[in-house]
Each structure stands twice: as structure tokens, then as C-alpha cells.
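In: Fold the following, please.
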Amino acid sequence: MDILLYGSTDISYQIASRLHQQHNLTVLHDPGESAERFGNLDVGVAEGSGSDIAVLEKIGAGTVNLFIACSALDEANIVACWTIKKIVDTETICFLTKPALYRNFASTSHNNYQSRYDIDSIIWPEQLLTQDIFRIISVPAALDVEWLAGGKAKLLEYRIGSGAKILNTPIRDCRLPRNVLIAGVSRNGVLFIPNGDTVIELDDKVFFIGTSQALDSLAADFLGTLRKVKSVAIIGGGSVGLMLAEMLEGRGIKVKIIEHDRARCVLLADTLKKSLVLRGDGTDLELLESESIAEADVCVCTTNNDEKNLLCALLIKQLGSQRIITRVSNLQNYELFSRVGVDVMVSPRASALTEVLNRVQAQRVNIIALIEGGKGEMLQLTLPDSFKKIAIKTFHFPVRAIIGLIRRGHRIHIPAGDSSLLPGDHLMVFTMQEDSETVKKLFFP
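Out: As a prediction, this is how the structure comes out:
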């Protein structure tokens, strides 16, 4: 696929890093912007405005299959998507950061006035991030949550504590509830696909796939974690903090939100119906103690500054908080946050990257989620009509991967050894990032 990427931002570099080996990719950046970091990637680099037709024609934009506008300026991204449509009828993806612009362009009223210049996909990373945080909060004690098969099943990540029944037990002897399987384990920062002989150790982060009912049984009987979330403290009242508070209010959850900007506090207080808005600094230990922030069932650090989020998380953890969710804007900081003891990290760039990757996958293959900051992937694929029926116990991947779920018609199956794969089956496959392409080629040579 020929892809034109407009902008030399952090997200554009993340996209280029993931796509340059499988696709012909060109990066167009505005004059004055540095593009040196793209030098280590197999991509073309050009300088010029994304809204300049002469520049677009010069770099061969008339043949691109996909145009991704992710510069630092929303308005420039919008105009660039409109402009390239004058040259070629190609798919466009536009990144936005301003809530008002997103609401305008994502509005259903736009469907009443369709034209060939319409932007095909709008991505607002902070909205995707908010949805990710809300999903994690909705499942007690989970470190990560992904809905599968339209919500009929889930991928849940849990940290194994001292009270877990499966602690120090080989997976083959864990006797998990029916319709639950272990797809992956992260130990000391290393993600791997386990086998039946793998022993679950203290502080392992384990990825379970199963039906919603079966996973509830797992949490209650095997992990001892089924306490319902009743209160949430949010550090940072920006777009993510506000949207998250609104969603939590809708669930009847008590919310405290700390924001340092006076004008923003007024807006939050006027917008939110039941939440308590506190003006202050999330790194103010005295404020955190006096307002009993650590006593909330979940604490969420959502500012757009990684260093501040990390400091807030560590202070709240020192005060005794048992569950902290922390925003990590720079994926390179993901490992650092994990090493210093932050349990749950969420990234707007990872959420946005998943959306983009799904636009360029092979036919009938999607990435449902990036695991552990991109170390692993959850793939969704449909077996072709030419696929020959085979029992799972005789089907072997040439790389590290596990089939976590089979959807056949309206029914879902958590596979066991006697399960079979049939043409037309929809599979959820858990694999390592470096093995992802091999898995795809196995089913779609």
C-alpha cells in the first residue's frame, strides 16, 4: 500500500515505525519542522505544506492509497485532507485534538451533506483514551480490559497477588472456570505466551480470555477481586478528565476531580452535575491527604504531562491507594512507569495507533488491541473459505501465538483441545508483535 503521512509529530513517527516495513510510506512535513528521526526508517521524506497542491503533485500524491494527517495543527490536518481529495479519491484519516472540532466533524448531521471531499475517518486520541480508562475502571482490579465479540467476551489483565488460588501452580493444574483460558503472561517486564507447564508466580501480570460470566467467576473465586467500584479520584480536569467524570457520573460513581486552573475548575463545576471539583495541584501531598484521595476505589492521573502523572501516581500510591491508572503520552515511558511500580498505564497514542493499523491490515484481519505498550497484539481474523477443517490440538503455529476465541455465527467458543477450526470462523489470536505478520501470512499467504 502507498501511504502518505502528513506531519512530523510523535504520533506520526509511531505510525511510520509500525508501517514502513510492509508499505511504501512517505512523510510530508511543514517547512521548519525537524524530520531527522525518520532517517532511521525506510521512508521517503519531503518538505512542504499538506494543503499545497503543487507539493502534493510533486511527491506523487495522485497514487496514494491512504492519506493520514497528523500534524500538530488541527486546522492544517483538515485542510490537507480536503486538498488531497482534489488530486485523488483516496481514503483520508484526520487527527484532531480540539473537542469542538471533533464534535463538529464527527456529528451525524455531516451525513446530510456528503461530498467526495469528506474526511473518511476522524481520530481524537483523547476520546479513545477515555474509553479505554472507563473500560478498565468498570472491571474491578483489572489492569487492562478489551471487549471481544461485541462484548460477549473479554480480554482481562490481572496482577497475581498472594491470595490468588492459582499462585505457584502450573497452568495445566489451575482448574480455571470453564470458558476461560490464559493467553499471555508478563513477568518482570517480559511478555510471553505460556504453555501448560508455565507456573504462575507472584506479581505476574496474566492475560485471561473468556466469557463475561466466566471471568466474573474467575475474579471472585480464583483471584479474590470482585469489589465494585463506587468512587474515583481524577487528577487533571482536561478533556480526558471531564469526559471520564461525565461517564462515571452516568454509572452513579462518586467522583473527585483535582484541577489547578481556576477557569477550568469553573467550567468543570458548571458541566458536571454531581462531581466534587477541587482547585489545586495533584502533586500537593497535603491536598491529597486532606481530601483522602487515596481512599477512592480507583485513582486516575490524566494530565498531559508524563512526569507529573508519574509523580502524582507515586505520591498517591505512597498514601495507600490500591489501584491507580496513569496516562502515558510517550510510549517510550511505558517501561519506566512499569519499573517504578505503576500498575496500569494507558496511552492516547497506543489507542490511536490501533485505529490506524486497522485501516492498513490485510483483508479480514484487524488488531483489536496492543498489549503491554505494543509488545503483543490481539488479532481478529476470519478464516477463508479455502481453509480446511482441523482440530485445534493438531494445529500448530510456527511462532508464539494462541487462539483465544472462536466466533461461529452468533455463538462464541473459548477453544479447548477438542475444538475445531472451520472455514468462515472468526478468530481472536493473541501473539507477540514481532510474530504478528507471520500469523497473518499463515492464514492469508
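In: now this structure, which segments are flagged as low pLDDT?
Out: 107-116, 222, 224-226, 361-364 (pLDDT under 70).
In: Please identify the residue most distant from the middle of it.
Out: residue 54 (36.7 Å; CA atoms, centre = their mean).
In: so which helix or strand takes in that residue?
Out: Here residue 54 is covered by helix 53-58, with elements defined by DSSP states H and E.
In: do the same with residue 436
Out: Per DSSP H and E: helix 436-443 holds residue 436.
In: do residue 129 as well
Out: Per DSSP H and E: helix 125-138 holds residue 129.
In: now the helices for the stretch 251-400 of the chain?
Out: All helices of the stretch 251-400 of the chain, identified by DSSP state H, counting those that start in this stretch, fall at 262-271, 285-290, 306-318, 334-339, 348-357.
In: The second one: how far from the chain's middle?
Out: Its chain's C-alpha centre and that of helix 285-290 lie 31 Å apart, by CA atoms, centre = their mean, to the nearest Å.
In: Please apply the same query to the longest one.
Out: If you compare the mean C-alpha spot of helix 306-318 with that of the full chain, they lie 21 Å apart, counting by CA atoms, centre = their mean.
In: my read: residue 85 touches residue 92, true?
Out: Yes. The pair residue 85 / residue 92 is scored as a contact, 6.8 Å apart, by CB atoms under 8 Å. Yep, even glycine has a C-beta here, placed from its N, CA and C like the rest.
In: which of those two has more neighbours?
Out: Each of residue 85 and residue 92 has its neighbours counted (other CB atoms under 10 Å); residue 92 has more, 25 against 18.
In: nearest residue to that one other than its sequence neighbours?
Out: Spatial nearest neighbour of residue 92, chain neighbours left out: residue 81 (4.2 Å); criterion: CB to CB, 6 or more residues apart in numbering.
In: Which neighbouring elements make contact with the strand or helix carrying the one you found?
Out: Assigned by DSSP H and E, residue 81 belongs to helix 74-87. The contact analysis (3 or more CB pairs under 8 Å, 6 or more residues apart in numbering; DSSP states H and E) places helix 74-87 against strand 2-6, helix 53-58, strand 66-69, strand 91-95, helix 99-105.
In: Quick one: the strands in the stretch 101-250 of the chain, in order.
Out: Secondary structure of the stretch 101-250 of the chain (DSSP state E, counting those that start in this stretch): strands at 121-123, 144-148, 153-159, 180-187, 190-192, 205-211, 231-235.
In: now the end-to-end length of stretch 256-267.
Out: By CA to CA, to the nearest Å, the extent of stretch 256-267 from end to end equals 15 Å.
In: Need the helices and strands packed on helix 74-87 in a markdown table (columns: distance to residue 149).
Out: Formatted as a markdown table, the helices and strands packed on helix 74-87 follow (distance: least, CB to CB, whole Å):
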| stretch | distance to residue 149 |
| --- | --- |
| strand 2-6 | 30 |
| helix 53-58 | 41 |
| strand 66-69 | 28 |
| strand 91-95 | 26 |
| helix 99-105 | 28 |
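In: residues making contact with stretch 384-393?
Out: Residues outside stretch 384-393 that contact it (CB atoms under 8 Å, 6 or more residues apart in numbering): 364, 403, 415-424, 443-444.
In: Could you check how far residue 251 is from residue 244?
Out: 11 Å (CB to CB, to the nearest Å).
In: CA atoms only for the helix holding residue 81, dumped as PDB, please.
Out: C-alpha atoms of helix 74-87 as PDB (Å, rounded to 0.1, in the frame of the first residue of the first chain):
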ATOM      1  CA  ASP A  74      -5.900  20.500  13.700                       C
ATOM      2  CA  GLU A  75      -6.900  23.100  11.000                       C
ATOM      3  CA  ALA A  76      -3.900  22.100   8.800                       C
ATOM      4  CA  ASN A  77      -4.900  18.400   9.100                       C
ATOM      5  CA  ILE A  78      -8.500  19.200   8.000                       C
ATOM      6  CA  VAL A  79      -7.500  21.300   5.000                       C
ATOM      7  CA  ALA A  80      -4.800  18.800   4.000                       C
ATOM      8  CA  CYS A  81      -7.500  16.000   3.800                       C
ATOM      9  CA  TRP A  82      -9.700  18.200   1.700                       C
ATOM     10  CA  THR A  83      -6.900  19.200  -0.600                       C
ATOM     11  CA  ILE A  84      -5.600  15.700  -1.400                       C
ATOM     12  CA  LYS A  85      -9.200  14.700  -2.400                       C
ATOM     13  CA  LYS A  86      -8.900  17.200  -5.200                       C
ATOM     14  CA  ILE A  87      -6.000  15.200  -6.600                       C
END
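In: List the buried residues for that helix?
Out: Neighbour counts over helix 74-87 (16 or more other CB atoms under 10 Å) mark 74, 76, 77, 78, 79, 80, 81, 82, 83, 84, 85, 87 as buried.
In: any idea how far residue 57 is from the closest residue to residue 31 other than its chain neighbours?
Out: Nearest residue to residue 31 in three dimensions, chain neighbours excluded: residue 47, at 5.7 Å (CB to CB, 6+ apart). For residue 47, the distance to residue 57 equals 15 Å [CB to CB].
In: which of the two has more neighbours?
Out: Neighbours per residue, other CB under 10 Å: of residue 47 and residue 57, the larger number sits with residue 47, 15 against 11.
In: So what pairs up with residue 154 in the strands?
Out: Note on residue 154: beta-bridge partners by DSSP bridges are residue 147, residue 210.
In: and it, how many residues sit next to it?
Out: When neighbours are defined as other CB under 10 Å, residue 154 has 22 of them.
In: mind listing what it touches?
Out: By CB under 8 Å, 6+ apart, the contact list for residue 154 reads 139, 145, 146, 147, 148, 209, 210, 211, 212, 215.
In: hmm, try it at 10 Å
Out: Going by CB atoms under 10 Å, 6 or more residues apart in numbering, residue 154 touches 135, 139, 142, 145-148, 208-212, 214-216, 405.
In: One more: residue 258?
Out: Going by CB under 10 Å, 6+ apart, residue 258 touches 233-237, 241, 265, 276-284, 287-288, 291, 293, 301, 303, 312.
In: what is it paired to in the beta sheet?
Out: Applying DSSP bridges, one finds that residue 258 bridges with residue 235, residue 278.
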